[in-house]
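Chemist: the sequence and its predicted three-dimensional model are supplied below.
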2 protein chains.
Amino acid sequence: MSTQVLEPADLTPGTLRVTPLGGLGEVGRNMTTYEIDGEILIIDCGVLFPEEHQPGVDLILPDMEPLRGRLDDVVGVVLTHGHEDHIGAVPYLLKQRPDIPIIGSALTLALTAAKLKEHRITPVAHVVKEGETWEAGPFELEFVAVNHSIPDALAVAVRTDAGLVLHTGDFKMDQLPLDGRITDLRAFARLGEEGVDLFLPDSTNADVPGFTPTERSIGPVLDQVISKTPGRVIVASFSSHVHRVQQVLDAAAANGRRVALLGRSMVRNMTIAADLGYLNVPDGVLIDYKKARDVPDHQIVYMSTGSQGEPMAVLSRMANLDHEIEPGEGDTVILASSLIPGNENAVYRVIDGLTKLGANVVHKANAKVHVSGHAAAGELIYCYNILKPRNVLPVHGEYRHLMANARLAQDTGIDAERTIIGSNGTVVDLKDGEARVVGQLDLGFVYVDGSSVGAITDADLKDRRTLGEEGFVSVIVVVDSQTGRIITGPEIHARGIAEEDRVFDKVKPKIVAALEEAAQKGVRDNHALSQTVRRTIGRWVNQSLRRRPMIVPLVIEA
Amino acid sequence: MSTQVLEPADLTPGTLRVTPLGGLGEVGRNMTTYEIDGEILIIDCGVLFPEEHQPGVDLILPDMEPLRGRLDDVVGVVLTHGHEDHIGAVPYLLKQRPDIPIIGSALTLALTAAKLKEHRITPVAHVVKEGETWEAGPFELEFVAVNHSIPDALAVAVRTDAGLVLHTGDFKMDQLPLDGRITDLRAFARLGEEGVDLFLPDSTNADVPGFTPTERSIGPVLDQVISKTPGRVIVASFSSHVHRVQQVLDAAAANGRRVALLGRSMVRNMTIAADLGYLNVPDGVLIDYKKARDVPDHQIVYMSTGSQGEPMAVLSRMANLDHEIEPGEGDTVILASSLIPGNENAVYRVIDGLTKLGANVVHKANAKVHVSGHAAAGELIYCYNILKPRNVLPVHGEYRHLMANARLAQDTGIDAERTIIGSNGTVVDLKDGEARVVGQLDLGFVYVDGSSVGAITDADLKDRRTLGEEGFVSVIVVVDSQTGRIITGPEIHARGIAEEDRVFDKVKPKIVAALEEAAQKGVRDNHALSQTVRRTIGRWVNQSLRRRPMIVPLVIEA
């Protein structure tokens, strides 16, 4: 793969153009556009969560620049399932054109609608089911059941004049799922026999050998842990993991305990899931949080958010004794969740805090209380063998995951030339059964921060990193606008660099001398004087304090 | 354990006082003081590496405040092995009194001396070996061989009038170590029969079930990976892991390859290890880096640093094509190391970068190329059973590790009351075979940052986090010192908050109005005027921009 930016070739009639805008080279903000004969279909529209080198950022959106001026050509957005990394950016797309139809399963659209409501948008929504078809302009869509860590996930087969494409969304192949709704390999087989021209598979776990264990294996572990706990049980998991919550409800019921849901998103999502029939609440098990206080310790389970150590979520607050529920001796806390890379220290801080309070903490590292939602290598190989696709474009994953997925394809006999390793903005044209890279768009990160969308630049983040690591020193000098002579100052203030302001008294004469020299040379330009100040103090700080804070010279004319 | 600060009781003659200053509730900066009859022995003096909530910090030292005014009473510092978390703070201690004797094995002291040389300190060093004894004031020391991920590690038995203490340092019980130097269970048995009054064991892996696999199991994996690589092999590991490097040298030699060492610390440590006979370099295998360029790709192995994704280390620079060696197709990179929590994203970025360049990347997650250096639960139980200590104070670990270790002790029959869960500053007195907590010192973090030691406070770090997440807005107003009226300004500058400076034009009239009102009320005090500015703009920024940057009001009198 060249990283050089190619101008995409013109799109000829009857050719399908596939362009991932997000989700390649990263885990998150999945979004792919499909275009043929002037009309555009979007599959998924998710967000990415920031890493430590993107401080202060709330969310990261796909760069939708390629859709600028083309929104009226969009015939619909297909949402494969209801996770944030697949639906989270929908509000930001619909803000630009609220009547773009959104298409997906009942649960997916209910979760999306709840999110859109917060942004005061009522979508044009089309609920579809596995086995059904839907026509959106030149795109004939067929939906295929897939199994994932949220119910009601769908793969999408996209038929156009250019051929047949299969886009899996996130999936795995649990053969004994709780709801009996397996990834539909019969449909995969039928599509394979028809001939899949391009396959876009989930790559998240492509580098994990073997098979993901069944979700069902967690139930007995939960049951055993709950049965052995003399006090309260607190379970934390992702707030959209309906089947995990289902197993907690079942284990609680089997142990004569009631369950109270904690955390705004947990309550909202499980209410939706129960209303739509995806969550089967055993009679009388759920109890309102406010009433849970009256239930004896050995008869209650709290189901909460915060499994990733998020500082404001319920579990972190419990660990910090900043929540009404204070876990202690006899209580058990179960983190029934994955540990997303980058969250380790935060999660371990929560585990330590809870352990210190006397609670028994059960987590992935000491018990089998989590299984992944993504197909491991063994499962992906099944897919390749049953589909025998002509071309493969692995999606959803870091570069190493995409590579691993491509290798699996090649292991099943697909030609290396027919497996495309792309990145966000890679433009792939499909025509006559052949997929080719015809261009590479230069896409960026769109940061959501406070009320701003796309205003934060990488330069701002670099400033933040400098400020965060080194602090800043500001130097204020008031000069006479006519003579350039100093009226007041320099005053020097520093924050985040741990030196008393008076440390800087030593450099003040140097700044005065530098400014006087500049004034004598006739320099009056504010920018030039600021640069003089910056150079003088910057050099001194680097040499004397061995630091590199941000230097903020402020030359004020009076 | 109470977290309340207790004043330690007076130390009566013949009582031994043990006070961990670092390493409890954290992995790093291990340091423990032993005091009896007015004299003090220190065991280990290490550093801790900062986490993401301690931005810009280079190192964290133990809080040595309890030693203030007592340095002349210190009879020696025993160093159990040569890792940074056990020797890294020695220079900061010896800067205060350079002639404190340091006592340890040949390799440990050689590595410490190299570190002290950088600080221009020549230590008073006493080299000891397993089986030997050493008298330091009232402390009779006996050294016991232990196996760890660096050669020549020693446990220390400390005999005083108060009884016998065994301090393991870091250790594991590899029964087939490369150098044949096993943890000396015969000595443990003998000490156990004599009667161990207090046992301080390594807790790092106490929550890991079973046994740590032998270091020897890695050799065949390295051999196989190297033999299958058509191009260059690059191996990254910790620069002090002599046995890991030994296995790389042996596998290289077996495959007809030469080895070039890369990275300052790797070259320095391996030179020391080879000179002292801990590293056996097969004839002609090592080659100078500069000459390695002339060796054909299939005949070279580079042994480098950077296994934790450190941005300035060799491996990260290779992944960013910022190093003379540019890995590519046919090359294999092996990360033969652990993945320290918090480093995941950095390490995965390096793995992705190398994969993108075409290299085959082998790491812990896809091959058995690392084993831990610490005893797992199964090994610790052996120790408890052979020693049968009267009292246990688990050290070296986060709270959950200390708890897990105490539980193992209790599993072998030690009374829960005789297992002490402490934190840094917990003061434990040993007398008549009984160890009791008699106090809790309030210890802090000592941050090394640039040239400063201990100057950075938690308030500074809070400032840095605010600056790093939210940036700052500074407002400069020049006022007449007599009338309080505004002469110039407000001028507003913002960094790291992604708004153009002109956004703030809207708030300027509000600031002017607030200051004029204050002036009319006769307010002249600079601090009060600054607070007026801070409140006015702070409220506006929070409401209008939904952000909480640091507000820096600068009211200048002229």
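Modeler: Happy to help now that I have it.
Chemist: give me the neighbour count for the spatially closest residue to A:Val507 that is not a sequence neighbour.
Modeler: Among residues not flanking A:Val507 along the chain, A:Trp540 sits closest, at 4.4 Å (C-beta to C-beta, 6 or more residues apart in numbering or on different chains). The way it works is simple: take the backbone N, C-alpha and C, and place the C-beta from them, glycine included. Neighbours of A:Trp540 under the rule other C-beta atoms under 10 Å in any protein chain shown: 16.
Chemist: which strands and helices sit next to the stretch of helix or strand A:Trp540 belongs to?
Modeler: Assigned by DSSP states H and E, A:Trp540 belongs to helix A:526-540. Other elements packing on helix A:526-540 under the criterion 3 or more C-beta pairs under 8 Å, 6 or more residues apart in numbering or on different chains; DSSP states H and E are strand A:472-479, helix A:508-520, strand A:550-557.
Chemist: please identify the deepest-packed of the ones you listed.
Modeler: Comparing the helices and strands packed on helix A:526-540 by mean neighbour count (mean count of other C-beta atoms under 10 Å in any protein chain shown), strand A:472-479 ranks first with a mean of 24.
Chemist: report whether it contacts chain B.
Modeler: Yes - applying C-beta under 8 Å from any C-beta of the partner chain, one finds strand A:472-479 in contact with chain B at A:472, A:474, A:476, A:478.
Chemist: quick revisit: can you redo the helices and strands packed on helix A:526-540 as a markdown table with mean pLDDT?
Modeler: What follows is those, written out as a markdown table (pLDDT from 0 to 100):
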| stretch | mean pLDDT |
| --- | --- |
| strand A:472-479 | 86 |
| helix A:508-520 | 85 |
| strand A:550-557 | 86 |
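Chemist: same list (those) but as a markdown table, adding distance to A:Pro230.
Modeler: Shown next, in a markdown table, are the helices and strands packed on helix A:526-540 (distance: least, C-beta to C-beta, whole Å):
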| stretch | distance to A:Pro230 |
| --- | --- |
| strand A:472-479 | 53 |
| helix A:508-520 | 67 |
| strand A:550-557 | 54 |
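Chemist: start to end distance for stretch A:270-287?
Modeler: Start-to-end span of stretch A:270-287 (C-alpha to C-alpha, to the nearest Å) is 13 Å.
Chemist: how about that stretch: buried residues?
Modeler: Under the neighbour-count criterion of 16 or more other C-beta atoms under 10 Å in any protein chain shown, stretch A:270-287 has A:270, A:272-274, A:276, A:278-279, A:281, A:286-287 buried.
Chemist: looking at those, spot the one nearest chain B.
Modeler: Checking those against chain B by C-beta to the nearest C-beta gives A:Ile272 as the nearest, at 27.4 Å.
Chemist: return the per-residue confidence for the closest one.
Modeler: We have a pLDDT of 96 for A:Ile272.
Chemist: so how far is stretch A:75-90 off the chain centroid?
Modeler: Averaging C-alpha coordinates over stretch A:75-90 and over its chain gives two centres that are 12 Å apart (C-alpha atoms, centre = their mean, to the nearest Å).
Chemist: could you do stretch A:343-351 as well?
Modeler: 19 Å.
Chemist: that one close to chain B?
Modeler: Yes - shown here: stretch A:343-351 in contact with chain B (C-beta under 8 Å from any C-beta) through A:344-345, A:348, A:351.
Chemist: reformat the residues you listed as TSV; add pLDDT, neighbour count and distance to A:Ala136.
Modeler: Below are the residues of stretch A:343-351 next to chain B laid out as TSV (pLDDT from 0 to 100; neighbours: other C-beta atoms under 10 Å in any protein chain shown; distance: C-beta to C-beta, whole Å):
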residue	pLDDT	neighbour count	distance to A:Ala136
A:Glu344	87	20	42
A:Asn345	87	18	45
A:Tyr348	92	21	46
A:Ile351	94	25	47
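Chemist: surely A:Gly219 is within a helix?
Modeler: Yes - counting by DSSP: H, G, I helix; E, B strand; the rest coil, A:Gly219 is located in a helix.
Chemist: neighbours around it, how many?
Modeler: When neighbours are defined as other C-beta under 10 Å, A:Gly219 has 19 of them.
Chemist: any weak-confidence spans in chain A?
Modeler: For chain A, the stretches with pLDDT under 70 are A:1-6, A:498-499.
Chemist: outline the domain layout of it.
Modeler: For chain A, automatic domain parsing gives the domain ranges A:16-210+A:373-449, A:215-363, A:458-557.
Chemist: now tabulate those domains in TSV and tack on distance to B:Ser240.
Modeler: Shown next, in TSV, are the domains of chain A (distance: least, C-beta to C-beta, whole Å):
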stretch	distance to B:Ser240
domain A:16-210+A:373-449	27
domain A:215-363	23
domain A:458-557	26
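Chemist: so who does the residue in the stretch 101-250 of chain A that chain B sits nearest to touch?
Modeler: Among the residues of the stretch 101-250 of chain A, A:Asp207 lies closest to chain B, at 6.6 Å counting by C-beta to the nearest C-beta. Applying C-beta atoms under 8 Å, 6 or more residues apart in numbering or on different chains to A:Asp207 gives the contacts A:377, A:400-401, A:404, B:365-366.
Chemist: hmm, which of these are the buried ones?
Modeler: A:377, A:400-401, A:404, B:365.
Chemist: pull the number of nearby residues for A:Thr133.
Modeler: That count, for A:Thr133 with other C-beta under 10 Å as the rule, works out to 11.
Chemist: so what sits opposite it in the bridge?
Modeler: Beta bridges link A:Thr133 to A:Glu142 when assigned by DSSP bridges.
Chemist: that one contacts A:His126, correct?
Modeler: No - taking contacts as C-beta atoms under 8 Å, A:Thr133 lies outside contact range of A:His126: 11.8 Å.
Chemist: residues touching the nearest residue to A:Ser105 once chain neighbours are set aside, list them.
Modeler: In space, and not counting its chain neighbours, A:Ser105 is closest to A:Asp152: 4.0 Å by C-beta to C-beta, 6+ apart. With contacts defined as C-beta under 8 Å, 6+ apart, the neighbours of A:Asp152 are A:81-82, A:105-108, A:181, A:278.
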